[in-house]
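Asks: requesting a structural model of the entry that follows:
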Amino acid sequence: MNRSDPSVGTAARIKSTTNKKTTITATTILLFGFLSFQNANAQQTIDLQSAIDMALKNNLLVKNENLQAEYQKKMKAAVVDIPQTNLTGEYGQINSIYKDTKFGISQSISFPTVYAKQRSLQNENYKNSVLNIAIKEAELKKQVSEVFYLLVYLQQKQKILLQNDSVYASFLEKANLRFHHGESNVLETATAETQRGQIAIQLNQLKNDVEITQLQFQLLLNTTSVFTPLAEKPKIDFTALLDTTAINNHPQIKVLQQQKQISLVNTQLEKSKLLPELNFGYNTQSIQGTGPDNVWYSKSDRFNFIQFGVGIPLFFFSQKAKISSAKTLELISENNYQIGLQTMQNELQSVFKQYQTHLQTVNYFENTALKNANTITKTANQQFANPRESSDDCVCCTAHNFEGIHHRVQYQLPSPHLRVRPRLNRGSKASFRENDFSTLC
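Replies: This is a model prediction of the structure:
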């Protein structure tokens, strides 16, 4: 093929123009779809504290924990479980040839110590249910905060992409003009089209991420309304201190402590069941005939007496086994407490070290990377606007501009500790990854 053939150059220009129109059309459709999505959803703004308050009020998991606590509270009235009362009646020749009647009522109860221990155990169960509410509320606050700040991050990412889309739209227009006048080759136009198209793809992915995250936010708040997070500062400023003594106040550790107490009281309850049962009774009967006092008694005359008995646990092997099992549960709960305490201390130290690492990263971005990103973007945009720049310079400016975008997006990334990052469903792309822009530069 002869590269100097004018017909070949004309064909290449026509093909490039066709591809250019196709790319511009696809990019425009993607951007229009994203902006239409944003405008179609009339959203209300909400700050973090209001979101947490709404979640604590509406979330069904928290409601269930409150109901569990209410159930345990009502069960306090059932700790004194007295067996059914026995009513007996007899008729016939009980004492003599005459037919007499006899009626009786009896009741057996456990030793009072048993009821006292049952009440203590139920009180401990109620305390445990209240602590479970604190755990569920803490988990919910964490989840709401994570999703809230993920939505904030997506908002910031959207702003950056839209700002740079306008830059590349201008660059593409100038590249097409330069190409039309023969001042540049097809590389400059293709680069501009590709870069703007990639931004449009990122915006389309961002729309899907927002939809998924918004559904999770609504689920946590238990509402059908769509809320947009309102954060004055995307960055959370706080000072973290390595205070291991604060672990004892953690809801999970308190629950483990409470489970130790429950196992201890349960052992005391099983021991108390070795105490004797108490039996009481009252009987009334008739004795017709002449009594020892030589007095005639008819069937309407009643003779009354009471009875008292003690149930001695002669066959206590089963109960001894229950006591031994309860002591084993005490050891298990103690081990669980120690494991939980050691695990929490280890995680606290590990997270604190990660916090320090991420803090250094954030300080680098704030003190160096963001300033350089602004300089890179400003210089690149000035070169875009300079019609005397060569095609190679413009392509180089494009790569530099995306480097500036990359720095800004990386700074907005939710850190696991400085900016909490939620766990989304498998397959979702809520986190902005480094290779999102590595393929563009």
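
Asks: for the stretch 301-441 of the chain, which segments count as helices?
Replies: For the stretch 301-441 of the chain, the helices defined by DSSP state H, counting those that start in this stretch occupy 317-364, 370-384, 391-412, 435-438.

Asks: rank those by mean pLDDT and give me the bottom one.
Replies: For these, mean pLDDT drops lowest on helix 435-438, to a mean of 30.

Asks: quick one: the helices in the stretch 1-150 of the chain?
Replies: 6-40, 48-58, 60-74, 112-180.

Asks: just put those in CSV and tack on distance to Ile262.
Replies: For every residue, glycine as well, the C-beta is placed using N, CA and C. Converted to CSV, the helices of the stretch 1-150 of the chain look like this (distance: least, C-beta to C-beta, whole Å):
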stretch, distance to Ile262
helix 6-40, 52
helix 48-58, 26
helix 60-74, 11
helix 112-180, 5
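
Asks: single out the most deeply packed of those helices.
Replies: helix 112-180 (a mean of 19; mean count of other C-beta atoms under 10 Å).

Asks: what packs against that helix?
Replies: For helix 112-180, the helices and strands in contact under the criterion 3 or more C-beta pairs under 8 Å, 6 or more residues apart in numbering; DSSP states H and E are helix 6-40, helix 48-58, helix 60-74, helix 186-221, strand 227-229, helix 251-272, helix 370-384, helix 391-412.

Asks: can you list contacts of the fifth one?
Replies: The contact list for strand 227-229, computed with C-beta atoms under 8 Å, 6 or more residues apart in numbering, reads 43-48, 51, 148-149, 151-152, 155, 217-218, 221.

Asks: flag the shaky bits of the stretch 101-250 of the chain, pLDDT-wise.
Replies: Low-confidence segments of the stretch 101-250 of the chain (pLDDT under 70): 183-184, 188, 234, 236-240.

Asks: so what's the nearest residue to Glu330 once chain neighbours are set aside up against?
Replies: The shortest distance from Glu330 to any non-neighbouring residue, by C-beta to C-beta, 6 or more residues apart in numbering, is to Ser263 (4.5 Å). By C-beta under 8 Å, 6+ apart, the contact set of Ser263 is 326, 329-330, 332-333.

Asks: quick one: these as TSV, columns for distance to Asp293 and neighbour count too.
Replies: What follows is the contacts of Ser263, written out as TSV (distance: C-beta to C-beta, whole Å; neighbours: other C-beta atoms under 10 Å):
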residue	distance to Asp293	neighbour count
Ala326	58	18
Leu329	63	16
Glu330	63	15
Ile332	68	13
Ser333	67	20
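
Asks: with respect to Leu61, which of those is nearest?
Replies: Nearest to Leu61, judged by C-beta to C-beta, of the contacts of Ser263 is Ser333 at 24.9 Å.

Asks: from Ala138, how far out is the closest one?
Replies: Using C-beta to C-beta, to the nearest Å, Ser333 is found at 21 Å from Ala138.

Asks: picking up where we left off before, which one, of the helices of the stretch 1-150 of the chain, ends up nearest to Thr357?
Replies: Closest of the helices of the stretch 1-150 of the chain to Thr357 is helix 112-180, at 19.0 Å (criterion: C-beta to C-beta).

Asks: dihedrals phi and psi, Asn283?
Replies: Dihedral pair for Asn283: phi -130, psi 150, per degrees, to the nearest 10.

Asks: look at the residue in the chain sticking out farthest from the centre and tell me its secondary structure.
Replies: Distance from the C-alpha centroid of the chain peaks at Asn294, with 86.8 Å (C-alpha atoms, centre = their mean). Following DSSP: H, G, I helix; E, B strand; the rest coil, we place Asn294 in the coil state.

Asks: I'd say Tyr115 and Lys76 touch.
Replies: No. Shown here, Tyr115 and Lys76 do not form a contact pair, counting by C-beta atoms under 8 Å, at 11.9 Å.

Asks: which residues do these two both contact?
Replies: Contacts common to Tyr115 and Lys76, judged by C-beta under 8 Å, 6+ apart, are absent.

Asks: for Thr224, phi and psi?
Replies: Here Thr224 shows phi and psi, under degrees, to the nearest 10, equal to phi -90, psi -10.

Asks: who's in contact with it?
Replies: Residues counted as contacts of Thr224 (C-beta under 8 Å, 6+ apart) are Gln218.

Asks: likewise for Gln214?
Replies: Gln214 makes contact with 151, 226, according to C-beta under 8 Å, 6+ apart.

Asks: Thr223 versus that one, what's the distance?
Replies: Distance, Gln214 to Thr223, using C-beta to C-beta: 11 Å.

Asks: got it, and Ile287?
Replies: As judged by C-beta to C-beta, Ile287 and Thr223 stand 78 Å apart.

Asks: neighbour-wise, which of the two wins?
Replies: Applying other C-beta atoms under 10 Å to Ile287 and Thr223 shows that Ile287 carries more neighbours, namely 18 against 15.

Asks: pull up the gap between the nearest residue to the more buried one once chain neighbours are set aside and Lys102, please.
Replies: Distance criterion C-beta to C-beta, 6+ apart; nearest residue to Ile287, sequence neighbours excluded, is Asn95 at 5.1 Å. Separation of Asn95 from Lys102 (C-beta to C-beta): 9 Å.

Asks: mind checking which of the two has more residues around it?
Replies: Counted by other C-beta under 10 Å, Asn95 and Lys102 do not tie: Lys102 has more neighbours, with 18 against 14.

Asks: my guess is that one contacts Asn283, does it?
Replies: Yes. Lys102 is in contact with Asn283 according to C-beta under 8 Å; the separation is 6.5 Å.

Asks: give the pairing partners of the helix or strand containing Tyr282; include direction for each.
Replies: Here Tyr282 sits within strand 277-285, counting by DSSP states H and E. Here strand 277-285 has these sheet partners by DSSP bridges: strand 100-109 (antiparallel), strand 303-311 (antiparallel).
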